[in-house]
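In: Structure for the following, please:
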Amino acid sequence: MPPPARQADRHFTLNIWNRSNRWRAWAALPAKGIIMLQTSTVPASPGVLAQPAFARAIDRLSQLSVDGYYNPYRSFDWPDAIDADSWWMSPELLSVSGTEMGAELDEDTLRRLAKWESINFYSLNVHGIRELLQAVIARLHEPGYEVASKFFHHFVGEENDHMWFFAEFCMRYAGKLYPDRQVRIETATDPAIENFLTFARITIFEEIVDFYNTAMGSDERLDPAIRKINHVHHVDESRHIAFGRKLMVLLHDELRAKGDEALLDKVSEYLRRYMTASVRGFYSPDVYRDAGIAEPLVLRRRLMADPARAAFDAKVLRRTTDFMTATGILRPVREAA
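Out: The predicted structure is shown next:
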């Protein structure tokens, strides 16, 4: 069992449990893998999510889910195989794109890399969805979530469908999912902080994934089965992202009402670290090894230090960072005194 949490300040007891059983302070979030919260049942403060505008949005999003309902088990025509020599992921989305390392790889290697990076992408989805389902289910019909729970039911059903078809693709065409490399995070002591961070992480995760879905869902170079799972996911995620953003703003307003500027700075810093950690999950030594690339750990380090990759990762996150900056969730980075 992990050791007891350490008090970081009067609001936070947020520590990180990694697979080597070491604790690290929450502000020192390691940049490896997409990270989700281990959740407990945490009610929302009365009235925070009961605003009329939010209720109207919930009604509209719920109706869109009803109107767009589909049976995933009957909606996909799975081919017997995906051509091993075709592109399984848009080449512009590969983790080596735009780098000298990528230019050194021949096209056959790049196509192998595309296959395994696509399997890694869908594996990240499976693991991330499993975590976010736990977080949302823990809050279904809990005090304070009476209005949100109407859409939670659609959210849970749709995310379960997504997890199934991503896993189905991986198992049919690769025979495996990549293992879960996530870092486990314990909860904050203040329910308002925990609730906000939980839904902020869910929304960030969904927006990162949607960047890739949008590109691959319309890429004619990809097999129709690949295009379809990405397009279907994008359509559903558009509702989930709209919901998550509204929830984030309301829950952040509750934090802002505390009048604690230092707390808001820490939350902002945490989210920046979380976003960095999330996009680094796309740089996988397991993938490079399966693609037949020598020294996969060296390649990962070189890629993460490459300015071209930093620019691409910023592009992936731009929609999210622009929204969180405009709403005051992300705050200016303060220079150390």
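In: Contacts only, for Ser75.
Out: By CB atoms under 8 Å, 6 or more residues apart in numbering, the contact set of Ser75 is Val232. Any C-beta I mention is one placed from the backbone N, CA and C, and that applies to glycine too.
In: could you measure it against Met248, distance?
Out: Between Ser75 and Met248 the distance, using CB to CB, to the nearest Å, works out to 30 Å.
In: before we move on, what about Leu264?
Out: Per CB to CB, Leu264 is found 14 Å from Met248.
In: which of these two has more neighbours?
Out: Ranked by neighbour count (other CB atoms under 10 Å), Leu264 and Met248 place Met248 first, with 22 against 17.
In: That one contacts Ile202, doesn't it?
Out: No - the pair formed by Met248 and Ile202 falls short of the contact definition of CB atoms under 8 Å, at 9.0 Å.
In: helix or strand for the residue nearest the centre of the chain, which one?
Out: Here the mean C-alpha position of the chain is nearest to the C-alpha of Phe205 (CA atoms, centre = their mean), at a distance of 1.8 Å. Counting by DSSP states H and E, the secondary-structure element that holds Phe205 is helix 191-217.
In: quick check: mean pLDDT across that helix?
Out: For helix 191-217, the per-residue pLDDT values average out at 96.
In: Which strands or helices does that helix pack on?
Out: strand 36-37, helix 107-137, helix 224-256, helix 261-280, helix 307-326 (3 or more CB pairs under 8 Å, 6 or more residues apart in numbering; DSSP states H and E).
In: Rebuild these as JSON lines, extending it with mean pLDDT and distance to His162.
Out: As requested, the helices and strands packed on helix 191-217 are exported to JSON lines (pLDDT from 0 to 100; distance: least, CB to CB, whole Å):
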{"stretch": "strand 36-37", "mean pLDDT": "44", "distance to His162": "15"}
{"stretch": "helix 107-137", "mean pLDDT": "97", "distance to His162": "6"}
{"stretch": "helix 224-256", "mean pLDDT": "97", "distance to His162": "6"}
{"stretch": "helix 261-280", "mean pLDDT": "95", "distance to His162": "17"}
{"stretch": "helix 307-326", "mean pLDDT": "98", "distance to His162": "19"}
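In: Format those as CSV; extra columns: distance to Asn160.
Out: Output for the helices and strands packed on helix 191-217, formatted as CSV (distance: least, CB to CB, whole Å):
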stretch, distance to Asn160
strand 36-37, 16
helix 107-137, 7
helix 224-256, 11
helix 261-280, 22
helix 307-326, 24
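In: which of the ones you listed sits most buried?
Out: The highest mean neighbour count among those belongs to strand 36-37 (a mean of 24), with neighbours defined as mean count of other CB atoms under 10 Å.
In: and the helix or strand just after that one, C-alpha only, in CSV?
Out: Tracing the chain past strand 36-37, the next element assigned as helix or strand by DSSP H and E is helix 52-67. This file holds the C-alpha atoms of helix 52-67, laid out as CSV (Å, rounded to 0.1, in the frame of the first residue of the first chain):
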residue,chain,number,x,y,z
PRO,A,52,-30.4,27.5,-15.6
ALA,A,53,-28.0,28.0,-18.5
PHE,A,54,-26.2,24.9,-17.6
ALA,A,55,-29.4,22.9,-17.3
ARG,A,56,-30.5,24.1,-20.8
ALA,A,57,-27.1,23.0,-22.2
ILE,A,58,-27.5,19.6,-20.6
ASP,A,59,-31.0,19.2,-22.2
ARG,A,60,-29.6,20.2,-25.6
LEU,A,61,-26.6,17.8,-25.4
SER,A,62,-28.7,15.0,-24.1
GLN,A,63,-31.1,15.3,-27.0
LEU,A,64,-28.2,15.3,-29.5
SER,A,65,-27.0,12.1,-27.9
VAL,A,66,-30.5,10.6,-28.3
ASP,A,67,-30.8,11.8,-31.9
